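**Q** Predicted model and sequence follow; I will ask about them next.
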Amino acid sequence: MSRQSEIEGVILEELMDLSLADVCRACTTHAESIIELVDEGIITPLGDAPQRWVFTGVHLRRARVVLRLQSDLGVNRAGAALAVQLLEEIDTLRTRLRALEGM
């Protein structure tokens, strides 16, 4: 008997404007968790108060990775923030390498 897995996801453009509620829904978490990420400087939305914050797809991706590292691997927030920073740096270096290889 074969078992099929379903994949559910939402494709967002990196520059799309998202509210705090949008990010909470996409991350399946409470506002307090996202506010903590902002307080720690892990994500930095535009706006001067939570109800006026504007997030991008980049913020959403960072939040999802950090929250997943915390829940799945038990990584503390500082460690998760460092891991996200390093993963983003690896992506940047890979992009640069591919560009150099294409020359």
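**A** Cool, the structure landed. Quick caveat: nothing in here was measured; it's all calculated off a predicted structure.
**Q** Going by C-alpha atoms from here, please, whenever you check contacts or count neighbours.
**A** Noted.
**Q** Low-confidence stretches in this structure?
**A** 1-15 (pLDDT under 70).
**Q** So in the protein, which helix runs the longest?
**A** Secondary structure assigned by DSSP state H gives helix 77-101 as the longest helix of the chain.
**Q** Mind giving me the packing neighbours of it?
**A** Taking 3 or more Cα pairs under 8 Å, 6 or more residues apart in numbering; DSSP states H and E as contact, the helices and strands that helix 77-101 lies on are helix 57-73.
**Q** hang on, the earlier thing: from the rest of the structure, what touches the longest helix of the chain?
**A** Helix 77-101 is touched from outside by Ile42, Arg62, Val65, Val66, Leu69, Gln70, with contacts defined as Cα atoms under 8 Å, 6 or more residues apart in numbering.
**Q** which of those residues tops the neighbour count?
**A** Val66 (23 neighbours; other Cα atoms under 10 Å).
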